[in-house]
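K.L.:
Sequence and predicted model, in that order:
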Amino acid sequence: MKYIITAAVAAATLSACSSGDRQIAGASFFTEAGSALDAGDFGEATMNNRLVQTGAQDYTINLARRFAADVNSTVNFEFNSTALDADARSTLMKQADWIRQFPEVRFKVYGHTDLVGSQAYNRSLGLRRAQTVVAFLASQGIDRSRLEAVVSFGETQPLVVTDGRERRNRRTVTEVTGFVESDPMVLNGKYAEIIFRDYVNSAAQGSTATEGQL
């Protein structure tokens, strides 16, 4: 009787082990490698690419964010002036360097003023500031057809709400607005080409190694 019980326990144990082995083997055979490590975000890059390619996600958003992160998109002005000071010119030259890397992209420049003066005058002043910035960027080799000085926001979008003179409100803002019409949507893998070209150019510009060092 003792022998029968022992044999039954052993058989049950072996059965459980073999069942577990089959389950593990089956899981490793029928699922992709590394699935146990996937926390659920491995496909984010692919999903983002698909959204951009299909137009489900506005492809200008990523470039606009990158532009704002890489360079200062804003320049400021003296009171009742459209003249570019040294700081403004320095900022715009950096903007121009960035814009040149992306010949497929269009930009708009928005002009703003502080709250001093009439709304009609400030709208005109803001537009003239935007036109000044566009003219400077064009002087840096940017195709004028890719730049647009739009009707300004005048005094309607102040950064600092005050009736007095406020330099931070007297500004222009350069923004990515889309792709040039001759470049059909820059989809179907072309956005990747733009990024790769930028990557190669940045590596070449930053390299200081001589042939002997290599």
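P.N.:
Yes, it's here. Numbering: from 1, shown residues only.

K.L.:
Tell me where the protein has strands.
P.N.:
According to DSSP state E, the chain carries its strands in the segments 74-76, 105-111, 147-149, 171-179.

K.L.:
low-confidence ranges in this structure?
P.N.:
Confidence mapping of the chain against pLDDT under 70 gives the ranges 1-60, 163, 179-195, 198, 202-214.

K.L.:
Go again with 90.
P.N.:
Along the chain, the model assigns pLDDT under 90 to residues 1-69, 101-106, 113-119, 145-146, 150-169, 176-214.

K.L.:
Tell me where it has helices.
P.N.:
Under the criterion DSSP state H, the chain carries helices at the ranges 2-30, 44-54, 59-70, 86-100, 119-139, 190-206.

K.L.:
Quick check: which helices or strands does the third one pack against?
P.N.:
Meaning helix 59-70. Counting contacts by 3 or more Cβ pairs under 8 Å, 6 or more residues apart in numbering; DSSP states H and E, helix 59-70 is packed against strand 171-179. In short, each C-beta sits where N, CA and C put it, glycine included.

K.L.:
buried stuff in the strand it packs on?
P.N.:
By neighbour count with 16 or more other Cβ atoms under 10 Å, strand 171-179 contains the buried residues 171-174, 176-179.

K.L.:
Can you tell me what sits against it?
P.N.:
With Cβ atoms under 8 Å, 6 or more residues apart in numbering as the contact definition, strand 171-179 has outside contacts at 59-60, 63-64, 67, 73-77, 95, 104-112, 126, 129-130, 132-133, 137, 148, 159, 185-186.

K.L.:
Give me the PyMOL select line for those, limited to the buried ones.
P.N.:
Here is the PyMOL command that selects only those of the contacts of strand 171-179 that count as buried (16+ other Cβ under 10 Å):
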select buried, resi 59+60+63+64+67+73+74+75+76+77+95+104+105+106+107+108+109+110+111+112+126+129+130+132+133+137+186
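
K.L.:
For residue 89, see how far away residue 66 is.
P.N.:
Plainly put, residue 66 is 23 Å away from residue 89 if you go by Cβ to Cβ, to the nearest Å.

K.L.:
Ok, residue 128 next?
P.N.:
In this structure, residue 128 and residue 89 are separated by 17 Å, where distance is defined by Cβ to Cβ.

K.L.:
With residue 71 instead?
P.N.:
In this structure, residue 71 lies at 14 Å from residue 89, with Cβ to Cβ as the measure.

K.L.:
overlap in contacts of the two?
P.N.:
With the criterion set as Cβ under 8 Å, 6+ apart, the contacts of residue 71 and residue 89 do not overlap.

K.L.:
more crowded one of these two?
P.N.:
Neighbours were counted for residue 71 and for residue 89 using other Cβ atoms under 10 Å; residue 71 has more, 18 against 13.

K.L.:
Number of residues surrounding residue 121?
P.N.:
Applying other Cβ under 10 Å, we find 14 residues neighbouring residue 121.

K.L.:
Identify the residues contacting it.
P.N.:
Applying Cβ under 8 Å, 6+ apart, we find residue 121 in contact with no residue.

K.L.:
do you know how far it is from residue 115?
P.N.:
Residue 121 sits 12 Å away from residue 115 when distances are taken as Cβ to Cβ.

K.L.:
quick revisit: which among the strands of the chain is found nearest to residue 197?
P.N.:
strand 105-111 (12.6 Å; Cβ to Cβ).
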